[in-house]
Each structure stands twice: as C-alpha cells, then as structure tokens.
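Asks: Build the 3D model from these lines:
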Amino acid sequence: MAMDVTDRSGKWEGDVAAASVPKRVSGCPFTTMSAAVRSLAGGGSRPVARSGPRETVSRLATMAYGLLAYAMFFGTILYAIGWVGNWFVPKSIDSGAAAGLGEALTVNTLLLLLFVVQHTVMARPAFKAWWMRYVPRSIERSTFVIAASSSLILTFWLWRPLPAPVWEVTHPVAWWALTALSGFGWGLVFASSFMVSHWDLFGLRQTWFRFRGERYRPVGFRLVGLYKLVRHPLMVGFLIAFWSTPVMSLGHLFFAVMTTGYIFFGTWIEERDLIAEHGEDYLAYRRKVRGFLPLPKAA
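Replies: Numbers count the residues shown, from 1 in each chain. Sure, this is the predicted structure:
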C-alpha cells in the first residue's frame, strides 16, 4: 500500500524525495508535466505552505482526484460482477461478437497479460520509488487504482467470447446454489477489503490525509477477522466468484484458469514484499496461518 506521510516541517515526504532528484532537461515534456502534477497535488521541491489559496487548491485537487479514482474503481468492480456472472450488463464474458478460437485466445491472453503486467509492476516497491519521483505519494495509490480500472475496462470491452459450454447445471436448486456461492465470493472480496482498510487500499485514505493537511498514519500489520483464518481471504473471494457458475463456458473457463494462476503468482510476489517490510512478524504469521484454506497448520 502507498505510504504517504508528512514530516515535521509540514512538507509531504514526496517533496523531500523530489528535492533529492537530480535536475533534468527542462524541455522534456514528461518532466514538465510531472512537475505540474506534483505542484498541483502538493509535490515539488519547494515546501508546501499549510495555508493559503495555492495550498487550498492543492488539497481540493488531491481529494477530487482520489474521489474520481474511487468512483472509477467502484463502477468497474460492479460491472465486473455482472460481466463474470452474465448478470445485468450489456456485454458479459459470454456475449459480444463471435470470434474464432485462435483469435479469441490471442486477444484474451493479451488483455489479461496487460492487467497482470500493470498490476504486478506498479505494486512493486522499486517501481514505486521511481514512480514517486513524478507522482506525489498522496495520489500514488489513486493513480494505481485508475490504471488497474482502465485495464479491466479495456478487457470488458475487447474480450472475445467463447460461449461453448464446458458444463451447464440445469437443476433449479443447484443453479441457485452456484449463483449464490458466486455472490458470496464477491461479498467476501468486499468484506476482506474493509478488514485491511478498504479506504487505504483504494487510495481515498491517502488523499483524505492530504486534504486535511495531516500526517499520514500507516495502517500497519494487523491480524483481524478472516485474516486470522487465511492469509489471503480477499483472493479466496475472487476464486469462489470466478469458479462458482451454473454455466461454465470455454471463455469463462479460460478466464478462471488464467486469473487463478495469477492469483497464486501475485500473492507469492506480494508476500516477498510483506516479509521485507514486516520481517519476523509476517514470517511467524505465515507459519501459523495457511494462504487460502482455513485449516490449522501442523505445529
């Protein structure tokens, strides 16, 4: 998660980092643009005043950016629920223009790889250290959320359906049971996000601290709720939601297999970062609690 703090001088930590970066050629468009963004959101090499019109505009712009990013995420996740389940959306995982098997697999693989690369690279500490030379810490997480949402929207739009059924459950009780189980999975995703600070995870907490002009307080390492049973309850929710369907098409199966592989790979990468950040605390937690199954570990 983004760590967005202020120091005792009243400057955001991003200001200090920016001041230490060697000067670049002023004619570079990206450098000029990034400097403007940092200035608007409270970045740049100059100290940020705690009051005054410019500071007020900076705080309002940061908060507006955070709200925009969150609204984009919320709309995207709601559409994703309908897209995966073939519920109430104009284009779902099994609808849209038909395509040949080769074209569908190629296009769909590229779409998922785009999300994987974006999600994996932008979440790494090394990338964040470079990225925050251009983007203030207060909006780093919101920018990540916008990028992730954009890649998902592109997937919804360009996905090539493969509607041939792999399995199809017709018994009413079983049909409703699988549909309800998928809904439970999505509910588990939302519930798990609130257990680890939903607002921090999706960038609003960081922008709120900037808006208030207060020192950012990291959430820290906490064991609460479902995280006492499994290390990745949010990802368990996604797995349940993706696989619990009364009608599993070939395209849905491809999506479920690919995303399942990424969930296991992504959590492995994430845990390396968590061990580096929290050390023995996280190692002890991993020794006691399984990643995905709520079963006790042998002593």
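Asks: Going by C-alpha atoms from here, please, whenever you check contacts or count neighbours.
Replies: Fine.
Asks: measure T143 to M72 for me?
Replies: As defined by Cα to Cα, to the nearest Å, T143 lies at a distance of 11 Å from M72.
Asks: cool, and N86?
Replies: With the distance defined as Cα to Cα, N86 ends up 21 Å from M72.
Asks: Over to R231?
Replies: When Cα to Cα is applied, the distance between R231 and M72 equals 27 Å.
Asks: Look at those two and report which has more neighbours.
Replies: Remark: of R231 and M72, R231 carries more neighbours, 22 against 17, as counted by other Cα atoms under 10 Å.
Asks: Near the residue lying closest to the more buried one once chain neighbours are set aside, how many other residues are there?
Replies: Closest residue to R231 in three dimensions, ignoring its sequence neighbours and counting by Cα to Cα, 6 or more residues apart in numbering: G291, at 4.6 Å. Applying the criterion other Cα under 10 Å, we find 20 residues in the vicinity of G291.
Asks: Need phi/psi at G291.
Replies: When quoted as degrees, to the nearest 10, the phi and psi of G291 stand at phi -70, psi -50.
Asks: Am I right that it is in contact with H232?
Replies: Yes - G291 is within contact range of H232, at 5.7 Å (criterion: Cα atoms under 8 Å).
Asks: got a list of what V224 touches?
Replies: Applying Cα atoms under 8 Å, 6 or more residues apart in numbering to V224 gives the contacts M195, V196.
Asks: low-confidence ranges in the protein?
Replies: Counting by pLDDT under 70, the chain contains low-confidence residues at 1-51, 299.
Asks: Could you pull out the helices in the stretch 51-200 of the chain for me?
Replies: Secondary structure of the stretch 51-200 of the chain by DSSP state H, counting those that start in this stretch: the helices cover 53-85, 101-122, 125-131, 137-158, 172-195, 198-201.
Asks: how about TSV for those helices, with distance to D281 added?
Replies: Formatted as TSV, the helices of the stretch 51-200 of the chain follow (distance: least, Cα to Cα, whole Å):
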stretch	distance to D281
helix 53-85	31
helix 101-122	24
helix 125-131	19
helix 137-158	25
helix 172-195	18
helix 198-201	21
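Asks: out of the ones you listed, deepest packed?
Replies: For those, the largest average neighbour count (mean count of other Cα atoms under 10 Å) is found in helix 137-158, namely a mean of 21.
Asks: Just the CA trace of that helix, in PDB.
Replies: C-alpha atoms of helix 137-158 as PDB (Å, rounded to 0.1, in the frame of the first residue of the first chain):
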ATOM      1  CA  ARG A 137       2.700  10.000  -2.600                       C
ATOM      2  CA  SER A 138      -0.800  11.400  -1.800                       C
ATOM      3  CA  ILE A 139      -2.100  10.300  -5.200                       C
ATOM      4  CA  GLU A 140       0.200   7.300  -5.900                       C
ATOM      5  CA  ARG A 141      -2.400   4.700  -4.800                       C
ATOM      6  CA  SER A 142      -5.200   6.500  -6.600                       C
ATOM      7  CA  THR A 143      -3.200   6.500  -9.800                       C
ATOM      8  CA  PHE A 144      -2.600   2.800  -9.400                       C
ATOM      9  CA  VAL A 145      -6.400   2.300  -9.000                       C
ATOM     10  CA  ILE A 146      -7.100   4.300 -12.100                       C
ATOM     11  CA  ALA A 147      -4.600   2.300 -14.100                       C
ATOM     12  CA  ALA A 148      -6.000  -1.000 -12.900                       C
ATOM     13  CA  SER A 149      -9.600   0.000 -13.500                       C
ATOM     14  CA  SER A 150      -8.600   1.200 -17.100                       C
ATOM     15  CA  SER A 151      -7.100  -2.200 -17.900                       C
ATOM     16  CA  LEU A 152     -10.200  -4.000 -16.700                       C
ATOM     17  CA  ILE A 153     -12.500  -1.700 -18.700                       C
ATOM     18  CA  LEU A 154     -10.400  -2.500 -21.800                       C
ATOM     19  CA  THR A 155     -10.800  -6.200 -21.000                       C
ATOM     20  CA  PHE A 156     -14.600  -5.900 -20.700                       C
ATOM     21  CA  TRP A 157     -14.700  -4.000 -24.000                       C
ATOM     22  CA  LEU A 158     -12.400  -6.100 -26.200                       C
END
